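Novice: 3D model of this:
(2 chains)
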Amino acid sequence: MFTKRVKSRIFFLSFFFILAILVIFYTLKSLEDNVVYFLSPTEIYNQSDISFTKKIRVGGLVKEGSINREKNILNFVITDLKNEILVSYNGLVPNLFSEGKGVVAEGKLKDRKYFIADKILAKHDENYMPPEVSKALEKAN
Amino acid sequence: MFKNFFPNKILSINSKFINGLIIFMIAIILIGLAYSLFISPEDYIQGDSVRIMYVHVPSSFIALGIFACIGTGSILSLIFKIKFMPLITKSLAPIGTIFTLISIVTGSLWGKPTWGIWWVWDARLTSMLVLLLFYLAYLLTWKFIKNFEKANKISSIIGIVGLINLPIIKYSVNWWSTLHQPSSITLTSAPTIHHTMLVPLLIMLTGMIVYSLLIFLMKYKTELIKHKLNKDKNNR
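Specialist: Sure, this is the predicted structure:
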């Protein structure tokens, strides 16, 4: 069907393409720690060589009823529904920061259950709906 | 269908068809804008900033779609040496670049009130920036390499390597933990976006696709004429 030259071009191009995929795959694989934007409390709990001096990010949900403010210090719990970590923070939080919603905290670990944050980001999920629908859903639950 | 992109077909498209397409596009975009800016409701937590999505999501979709076309075109052009294929991929690149840029800028405008930050180096945002760099590299190759054959070869390789970036962008939110949320619209499950928001999104997407098609047709026509003039000059 194809001429010899076309066949050889298909062969070389596929070879080059697969090679490029492999190179990119292994590069990303070895950079995994940097590609991941945040760790979950469980990952922090399980990781044996976690750094207590380097800046890291923890992400998960803000546990319901865990937000408490003392003077300027904001304390809350990040949970992934398996493990939890207590976060302490001094500063402004984004508008979307609230209980039961996603959050990413940047800062340093004191120990595996206690985190001092110097930046808080709100994480939005993939659900979009008007306020009335959200209220109706809450009522149904 | 493929025959419709043959040079003589494109050059003989009459202006009535183009004008009709322009009117169609303006009408759809106006309806889409009215729907997304005024009629559709605000979001239960994001409030009005959800309206940025009606531009952001279609732009990202088109940016990825156009690069997929450029990559596929580049493969066909390298293997089968189709004469007009480089002109098609070359004409697609500017509009794709602009939509990548729009996607990044609107995303960052949305990120500030939502996440509390303009930009983060998470997998989705970074891979989207890489897409922009691929687009720029592709455009610059055509701009600065004067020899047509050489420019075609180099830009095609850029297009093919850039193709690998597309699934990385698409699945970055599933493969790694990112600040960017996962897709609301997937092929396998029901959309997690309420229908009062999904409808304006789809209208805007349609309008912007027609817009891209129009810009592409104009650019492609110009490129064909330029190419023909160059050939005539060289033959003289």
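Novice: contacts only, for residue B:194.
Specialist: Applying Cβ atoms under 8 Å, 6 or more residues apart in numbering or on different chains, we find residue B:194 in contact with A:128-130, A:133, B:41. From N, CA and C alone the C-beta is placed, and that goes for glycine too.
Novice: contacting residues for the residue nearest the centre of chain A?
Specialist: Nearest to the geometric centre of chain A sits residue A:38, at 3.9 Å (Cα atoms, centre = their mean). Residue A:38 sits next to A:56-59, A:104, B:177, B:179 when contact means Cβ under 8 Å, 6+ apart.
Novice: CSV for these, including distance to residue A:76, neighbour count and secondary structure?
Specialist: Output for the contacts of residue A:38, formatted as CSV (distance: Cβ to Cβ, whole Å; neighbours: other Cβ atoms under 10 Å in any protein chain shown; DSSP: H, G, I helix; E, B strand; the rest coil):
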residue, distance to residue A:76, neighbour count, secondary structure
A:56, 17, 17, strand
A:57, 15, 20, strand
A:58, 11, 22, strand
A:59, 13, 23, strand
A:104, 13, 26, strand
B:177, 19, 19, coil
B:179, 18, 25, coil
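Novice: farthest pair within the residues you listed?
Specialist: The span of the contacts of residue A:38, defined through Cβ to Cβ, is set by A:56 and B:179 at 14.3 Å.
Novice: what sits closest to residue B:52 if chain neighbours are left out?
Specialist: residue B:110 (4.3 Å; Cβ to Cβ, 6 or more residues apart in numbering or on different chains).
Novice: how about the secondary structure of the one you found?
Specialist: helix (DSSP: H, G, I helix; E, B strand; the rest coil).
Novice: and it, how far from residue A:14?
Specialist: Counting by Cβ to Cβ, to the nearest Å, the gap from residue B:110 to residue A:14 is 40 Å.
Novice: still on that earlier bit, out of the contacts of residue B:194, which is most surrounded?
Specialist: residue A:128 (24 neighbours; other Cβ atoms under 10 Å in any protein chain shown).
Novice: ok, that one - contacts?
Specialist: Here residue A:128 is in contact with B:43, B:46, B:50, B:53, B:184, B:192-194, B:197 (criterion: Cβ under 8 Å, 6+ apart).
Novice: may I have the beta-bridge partners of it?
Specialist: residue B:193 (DSSP bridges).
Novice: from chain A, which residue is nearest to chain B?
Specialist: residue A:94 (3.1 Å; Cβ to the nearest Cβ).
Novice: excluding its backbone neighbours, what's nearest that residue?
Specialist: residue B:116 (3.1 Å).
Novice: give me the phi and psi for that neighbour.
Specialist: Backbone torsions of residue B:116, given as degrees, to the nearest 10, read phi 100, psi 10.
Novice: my guess is it meets residue A:91, correct?
Specialist: No: Residue B:116 lies out of contact with residue A:91 (Cβ atoms under 8 Å); the separation is 10.4 Å.
Novice: pull out the buried residues from the longest helix belonging to chain A.
Specialist: Longest among the helix segments of chain A by residue count, using DSSP state H, is helix A:4-30. In terms of neighbour count (16 or more other Cβ atoms under 10 Å in any protein chain shown), helix A:4-30 has its buried residues at A:9, A:13, A:28.
Novice: and these as TSV, adding distance to residue A:138 and pLDDT?
Specialist: Output for the buried residues of helix A:4-30, formatted as TSV (distance: Cβ to Cβ, whole Å; pLDDT from 0 to 100):
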residue	distance to residue A:138	pLDDT
A:9	60	91
A:13	55	92
A:28	40	91
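Novice: quick check, nearest of those to residue A:85?
Specialist: residue A:28 (27.2 Å).
Novice: distance of the closest one relative to residue B:227?
Specialist: For residue A:28 relative to residue B:227 (Cβ to Cβ), the value is 39 Å.
Novice: cool, residue B:97 as well?
Specialist: From residue B:97 to residue B:227 the distance is 21 Å (Cβ to Cβ).
Novice: looking at those two, which is more packed in?
Specialist: Neighbours were counted for residue B:97 and for residue B:227 using other Cβ under 10 Å; residue B:97 has more, 20 against 17.
Novice: now for the helix or strand that one falls within, which elements pack on it?
Specialist: Following DSSP states H and E, one finds residue B:97 within helix B:85-114. For helix B:85-114, the elements it packs on are helix B:53-80, helix B:123-144, helix B:148-175, helix B:195-235, judged by 3 or more Cβ pairs under 8 Å, 6 or more residues apart in numbering or on different chains; DSSP states H and E.
Novice: pull the helix or strand with minimum mean pLDDT from chain B.
Specialist: Lowest mean confidence among the helices and strands of chain B (mean pLDDT, DSSP states H and E): helix B:7-11, at a mean of 73.
Novice: any buried residues in that one, and which?
Specialist: Buried-residue list, helix B:7-11, by 16+ other Cβ under 10 Å: B:7, B:10.
Novice: how far does it sit from its chain's centre?
Specialist: How far helix B:7-11 lies from its chain's middle: 23 Å, per Cα atoms, centre = their mean, to the nearest Å.
Novice: which SSE is immediately downstream of that helix?
Specialist: helix B:15-34.
Novice: mind exporting that next one as CSV, just the C-alpha atoms?
Specialist: Taking Å, rounded to 0.1, in the frame of the first residue of the first chain, the C-alpha atoms of helix B:15-34 are listed here in CSV:
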residue,chain,number,x,y,z
SER,B,15,-17.1,35.7,0.6
LYS,B,16,-20.9,35.1,1.1
PHE,B,17,-20.1,31.9,3.0
ILE,B,18,-17.5,33.7,5.2
ASN,B,19,-19.9,36.6,5.9
GLY,B,20,-22.6,34.1,6.8
LEU,B,21,-20.2,32.4,9.2
ILE,B,22,-19.2,35.7,10.8
ILE,B,23,-22.8,36.7,11.4
PHE,B,24,-23.5,33.2,12.8
MET,B,25,-20.5,33.5,15.1
ILE,B,26,-21.4,37.0,16.4
ALA,B,27,-24.9,35.8,17.1
ILE,B,28,-23.8,32.8,19.1
ILE,B,29,-21.2,34.7,21.0
LEU,B,30,-23.7,37.4,21.9
ILE,B,31,-26.3,34.8,23.1
GLY,B,32,-23.5,33.0,25.0
LEU,B,33,-22.3,36.2,26.6
ALA,B,34,-25.8,37.3,27.6
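Novice: all good on my end, thank you.
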